[in-house]
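K.L.:
here is a sequence together with a model predicted from it:
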Amino acid sequence: MRLRKWKKAFIYISLMCSSIAYAQYTEKDILNYIDTYHQLAIQKMKDYGIPASITLAQGILESAAGTSDLAREANNHFGIKCHSTWEGKSFYKDDDAKNECFRSYTSVEQSYDDHSAFLKRERYTSLFNLKITDYKSWAKELKKCGYATDPHYDNRLIDLIEKYELYAYDTDAYTKSTPLAHKGSSKGQTKPNEVDKNQSSSPTNQATSQTYDTRYRRGDYPYSKRTVYINNNVYFIIARPGDTFYDIAIDVQLTVGQLRKYNDVPNLSYEPMEGEIVYISKKASKAEKIREHIVRRGESLRDIAQQYACREKALRKLNAMSKTDELQAGDRVKLR
């Protein structure tokens, strides 16, 4: 009986201690924070592929909704410490240890930029294999990758996202709807994984579709909002003006990581250009009919791999090429 009482007391004290660290701000502070910074979070989502809901929730949690000394005096909204690579200004405060070094920024936007770039480090690579609308997995993976020492960090992020319906920003930013500012204003909003069935194709996309209709047959791909074609038995779509891999991932129900892998894109900063072929299923190991390709000036092996819907790695192996080998105009590349 005494043991049960001790356990209850311990749990109560633990919850009290946990809440003290994050409860030094009000509901009004949170709503003001969301209203002030949701557009910035959406822009960083477009630029880096990080869910706006996660960015906002982290900003609220790490900066006490913008009221912490670190946020007010150093514009640091994500609790990012200096580390050995930091060359900017610093701000010192007690944290896990006394007088720790934190990054100091000239503006809140610079803090948001640095947070996005921070998550692009190798340590957090696994995040970008997750669906952009799966905020729960993002929160859990952030904790797993060691972003914060708080053992309840993932649940705190999820609670904020669900209480204030921040998940709406992950989808509505791309259907041109107005995202939610706080709980209770969800009328007319799109929930995660829903699509706008009334959205029509742009004239540019329609013209592109007509062009590709003459070269490729259309594919029966039930998970896409866009016109799907087939090349070498591989499904693909055509990039629209201003498209990002995130935009396409939402429309075809894949992850950004899957799209980059299918299209041999290791560079995280690369985004598709208007009219570019973007494969939405795994490419083949060889071409179906054509045996070889004569290299044109400026053409890379990836260009050829995209043209024939073949994996770049498979073509390198087929042609006994190393990663450092470069093609020259007139070279012959085996395709099968």
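P.N.:
In hand now; what should we look at? Numbering: from 1, shown residues only.

K.L.:
mind jotting down where the strands sit in the stretch 101-250 of the chain?
P.N.:
Secondary structure of the stretch 101-250 of the chain (DSSP state E, counting those that start in this stretch): strands at 217-218, 229-231, 234-238.

K.L.:
gap between the first one and the chain center?
P.N.:
Remark: strand 217-218 is offset 30 Å from the chain centroid, using Cα atoms, centre = their mean, to the nearest Å.

K.L.:
who touches that strand?
P.N.:
When contacts are defined by Cβ atoms under 8 Å, 6 or more residues apart in numbering, strand 217-218 is touched by residues 227-230. For glycine as for every other residue, the C-beta is placed from the backbone atoms N, C-alpha and C.

K.L.:
how many other residues sit next to Asn319?
P.N.:
Asn319: 16 surrounding residues under other Cβ atoms under 10 Å.

K.L.:
can you give me the domain boundaries for this protein?
P.N.:
17-172, 203-279, 292-334 (automatic domain parsing).

K.L.:
could you tell me the least trusted of those?
P.N.:
When mean pLDDT is averaged over each of the domains of the chain, domain 203-279 scores lowest at a mean of 79.

K.L.:
run a quick check on Gly146 versus Arg121, I expect a contact.
P.N.:
No. Contact between Gly146 and Arg121 fails when scored by Cβ atoms under 8 Å: they sit 11.5 Å apart.

K.L.:
how near is the spatially most central residue of the chain to Leu40?
P.N.:
Central residue of the chain (Cα atoms, centre = their mean): Gly49, 2.5 Å from the mean position. Using Cβ to Cβ, to the nearest Å, we find Gly49 at a distance of 15 Å from Leu40.

K.L.:
ok, Lys120 next?
P.N.:
For Lys120, the distance to Leu40 - Cβ to Cβ - is 17 Å.

K.L.:
thinking again about what came up before, export the contacts of strand 217-218 as CSV, with columns for neighbour count and distance to Asn75.
P.N.:
Converted to CSV, the contacts of strand 217-218 look like this (neighbours: other Cβ atoms under 10 Å; distance: Cβ to Cβ, whole Å):
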residue, neighbour count, distance to Asn75
Thr227, 18, 45
Val228, 20, 45
Tyr229, 20, 47
Ile230, 16, 50
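
K.L.:
and of these, the nearest to Phe78?
P.N.:
Each of those was scored against Phe78 by Cβ to Cβ, and Val228 proved nearest at 38.5 Å.

K.L.:
you'd agree the closest one is up against Gly219?
P.N.:
Yes. With contact defined as Cβ under 8 Å, Val228 and Gly219 form a contacting pair (4.3 Å).

K.L.:
which neighbours do the two share?
P.N.:
With Cβ under 8 Å, 6+ apart as the test, Val228 and Gly219 both reach Tyr235.

K.L.:
what distance do you get for Asp114 to Asn267?
P.N.:
For Asp114 relative to Asn267 (Cβ to Cβ), the value is 20 Å.

K.L.:
over to Arg332: give its phi and psi.
P.N.:
phi -110, psi 130 (degrees, to the nearest 10).

K.L.:
need the contact list for it.
P.N.:
292-295.

K.L.:
partner residues bridging it?
P.N.:
Ile294 (DSSP bridges).

K.L.:
from Ile30, how far off is it?
P.N.:
Distance from Arg332 to Ile30, by Cβ to Cβ: 62 Å.

K.L.:
likewise Glu271?
P.N.:
32 Å.

K.L.:
my read: Lys136 touches Ile158, true?
P.N.:
Yes. Here Lys136 lies in contact with Ile158, judged by Cβ under 8 Å, at a distance of 5.7 Å.

K.L.:
which one of those two is surrounded by more residues?
P.N.:
Ile158 (19 against 15).

K.L.:
give me the neighbour count for the residue nearest to that one when sequence neighbours are not counted.
P.N.:
Spatial nearest neighbour of Ile158, excluding adjacent residues (Cβ to Cβ, 6 or more residues apart in numbering): Ala139 at 5.1 Å. Counted by other Cβ under 10 Å, the residues lying close to Ala139 total 25.

K.L.:
which ones are touching Phe236?
P.N.:
228-230, 277-280, 309.
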